[in-house]
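**Student:** sequence? don't have it. structure:
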């Protein structure tokens, strides 16, 4: 389902969170579908179960999954996921625009201080 990059400098839980976020936002994991159990995924990826639990907690904070006591974690309903998808898209656009502005300022040679105010 997901593959980890052990050369990546990011913590493993962040990689797991990002991979599932992409799968959920792209509709690969449909709303209401059950996530792999913490133990099962930890075994498949050869990582500590606490790492997977932390990734699931991050996904829950983002509103992408929800826990059901005694049954596991499930993908949140589509309206919530679509809202998150729109918000993350806006953030990505804003971040890209800000980076472009900083790059333009640096190209003009106005110095680092001007970039810090963006």
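**Tutor:** Perfect, thanks for sending it. Predicted model, so just to flag it, every value in this text is computed and none were measured.
**Student:** Can you list the residue ranges for strands in this structure?
**Tutor:** When assigned using DSSP state E, the strands of the chain occupy the ranges 65-68, 72-75.
**Student:** Dump those to JSON lines, plus mean pLDDT and distance to residue 6.
**Tutor:** Every residue, glycine included, has its C-beta placed from N, CA and C. Formatted as JSON lines, the entries for these read as follows, by pLDDT from 0 to 100; distance: least, Cβ to Cβ, whole Å:
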{"stretch": "strand 65-68", "mean pLDDT": "95", "distance to residue 6": "25"}
{"stretch": "strand 72-75", "mean pLDDT": "96", "distance to residue 6": "25"}
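**Student:** OK, contacts around the nearest residue to residue 53 once chain neighbours are set aside?
**Tutor:** Closest residue to residue 53 apart from its sequence neighbours, by Cβ to Cβ, 6 or more residues apart in numbering: residue 38 at 5.3 Å. Contact partners of residue 38, counting by Cβ atoms under 8 Å, 6 or more residues apart in numbering, are 49, 52, 53, 56.
**Student:** Now which of the residues you listed would you call buried?
**Tutor:** When neighbours are counted using 16 or more other Cβ atoms under 10 Å, the contacts of residue 38 contain these buried positions: 52, 53, 56.
**Student:** Among those residues, name the ones in helices.
**Tutor:** Assignment to helices by DSSP state H places the following of the buried ones among the contacts of residue 38 there: 52, 53, 56.
**Student:** Hmm, the first one is touching residue 46, no?
**Tutor:** No: the criterion here is Cβ atoms under 8 Å, and residue 52 misses it with residue 46 at 11.2 Å.
**Student:** What is the nearest of the contacts of residue 38 to residue 74?
**Tutor:** residue 56 (10.9 Å; Cβ to Cβ).
**Student:** distance of the residue nearest to residue 2 when sequence neighbours are not counted from residue 58?
**Tutor:** Closest residue to residue 2 in three dimensions, ignoring its sequence neighbours and counting by Cβ to Cβ, 6+ apart: residue 19, at 4.1 Å. When Cβ to Cβ, to the nearest Å is the yardstick, residue 19 and residue 58 sit 12 Å from each other.
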